[in-house]
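Trainee: the sequence and its predicted three-dimensional model are supplied below.
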Amino acid sequence: MTRDQEVQFRKSLVELMPYAKGFARTLLNPKGQYHSLYEDFVQQAFLKAWENRDGFQAGSNLKAWLFTIIRNGIVSYHRRHWRELVTDQAQDPQAPNDTANPERAIATKQSISRFAKLKKAHQEALSDLAWDGLSYEESAKRRGVPTGTIKSRVARAREVLAELIEGGDRDYGRGAAQRIAPMAAG
């Protein structure tokens with residue numbers, strides 16, 4: 001590839017940047033857990049395209065070639081990633097291995113069940129902070145509400161989860177008076 005061809009190739013690649021980001025965002029589902037990685041996939045695809053620029057046939061569709069690289073990168077990532085299990089054991093080999101502990105499995109299932117009982121707004125606020133690592137301000141911006149609303153939702157979600165843990169799941173949603181009334185009648 002001549003110097004002029006490289007300059008033209010680079011210019012054409014740069015022009016495709018916004019389209020590539022949009023394509024990667026579309027493939028990664030905006031509500032999915034990998035959505036924030038779209039720029040990483042695009043960057044890797046541009047790097048691969050540049051490294052393999054000699055393999056590109058001049059006159060063919062550069063956009064289709066680049067999109068194929070992006071799609072293949074995302075597919076390869078998902079094929080590898082679903083097999084990976086990140087555990088404390090990987091970080092610290094001396095840590096006890098309790099992955100086969102049935103009590104831990106039951107506790108995890110109960111936690112997921114309790115989380116599912118929360119209102120959708122409370123689930124979103126907790127997931128923004130706990131899983132996505134956002135601050136209260138970032139979460140408020142994402143949800144389009146004041147910061148105080150996010151703080152309130154998180155506080156209420158914590159209260160409800162504590163109530164579910166202490167009082168048992170069966171009593172959720174019933175006030176204290178409703179819990180006492182059946183006992184007084186019997």
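Mentor: Perfect, I can see it now.
Trainee: name the SS class of residue 29, please.
Mentor: With DSSP: H, G, I helix; E, B strand; the rest coil as the basis, the three-state label of residue 29 is coil.
Trainee: just give me the neighbour total for it.
Mentor: 10 (other CB atoms under 10 Å). In short, each C-beta sits where N, CA and C put it, glycine included.
Trainee: repeat for residue 160
Mentor: 18.
Trainee: any idea how far residue 115 is from it?
Mentor: Applying CB to CB, to the nearest Å, the value for residue 160 to residue 115 is 10 Å.
Trainee: which residue ranges of the protein form strands?
Mentor: Counting by DSSP state E, the chain has no strands at all.
Trainee: tell me the domain ranges of it?
Mentor: The chain is divided into the following domains under automatic domain parsing: 3-81, 103-172.
Trainee: as JSON lines, those with mean pLDDT would be great.
Mentor: Output for those, formatted as JSON lines (pLDDT from 0 to 100):
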{"stretch": "domain 3-81", "mean pLDDT": "86"}
{"stretch": "domain 103-172", "mean pLDDT": "86"}
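Trainee: quick one, helices of this protein?
Mentor: Counting by DSSP state H, the chain has helices at residues 3-15, 17-27, 38-51, 62-81, 88-91, 102-117, 120-130, 136-143, 147-167, 176-185.
Trainee: compute the number of surrounding residues for the closest residue to residue 116 other than its chain neighbours.
Mentor: Leaving aside its sequence neighbours, residue 116 sits nearest to residue 123 (CB to CB, 6 or more residues apart in numbering; 7.8 Å). The tally of other residues near residue 123 (other CB under 10 Å) stands at 15.
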